[in-house]
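>>> Let me see the structure of the following:
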Amino acid sequence: MGEAPQAFVSYADLNLGSVSGRAQLASRVSAAAGALCGQAPSIRDLGATQAHRACLRATIASSTPSLDQAAALQARSQDQLAAAGDR
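Numbering: from 1, shown residues only. As a prediction, the model looks like this:
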């Protein structure tokens, strides 16, 4: 069995301590999930539509711990830079 597809979502240019930075990251994650799950099927195909939505939900949900870790790491880095500047 192969590995699940993955995507890299950059956040280096975002301030994850701000509401707008987190919103931009969430938007990027949603776009990456859309790319991984593929194009939405015709609304007429209920089964495929439900499977596509489930893929999006699962993909986004699996990124949540990583997003929280990224925000914490960025906050620690900023704190360390501020402390170094105080020396």
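>>> And the residue nearest the centre of the chain?
The C-alpha lying nearest the average C-alpha coordinate of the chain belongs to residue 29 (CA atoms, centre = their mean; 3.2 Å).
>>> residues in contact with residue 73?
By CB atoms under 8 Å, 6 or more residues apart in numbering, no residues touch residue 73. C-beta: built from backbone N, CA, C; applies to glycine.
>>> Is it within a helix or a strand, and which one?
Per DSSP states H and E, residue 73 falls inside helix 46-85.
>>> Which positions in that helix come out as buried?
52, 56, 59-60, 63, 67, 70-71, 74 (16 or more other CB atoms under 10 Å).
>>> Also stretch 31-49?
32-34, 37.
>>> would you turn those residues into a markdown table with pLDDT, secondary structure and distance to residue 10?
A markdown table is the format used below for these (pLDDT from 0 to 100; DSSP: H, G, I helix; E, B strand; the rest coil; distance: CB to CB, whole Å):
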| residue | pLDDT | secondary structure | distance to residue 10 |
| --- | --- | --- | --- |
| 32 | 95 | helix | 10 |
| 33 | 95 | helix | 15 |
| 34 | 95 | helix | 17 |
| 37 | 95 | helix | 20 |
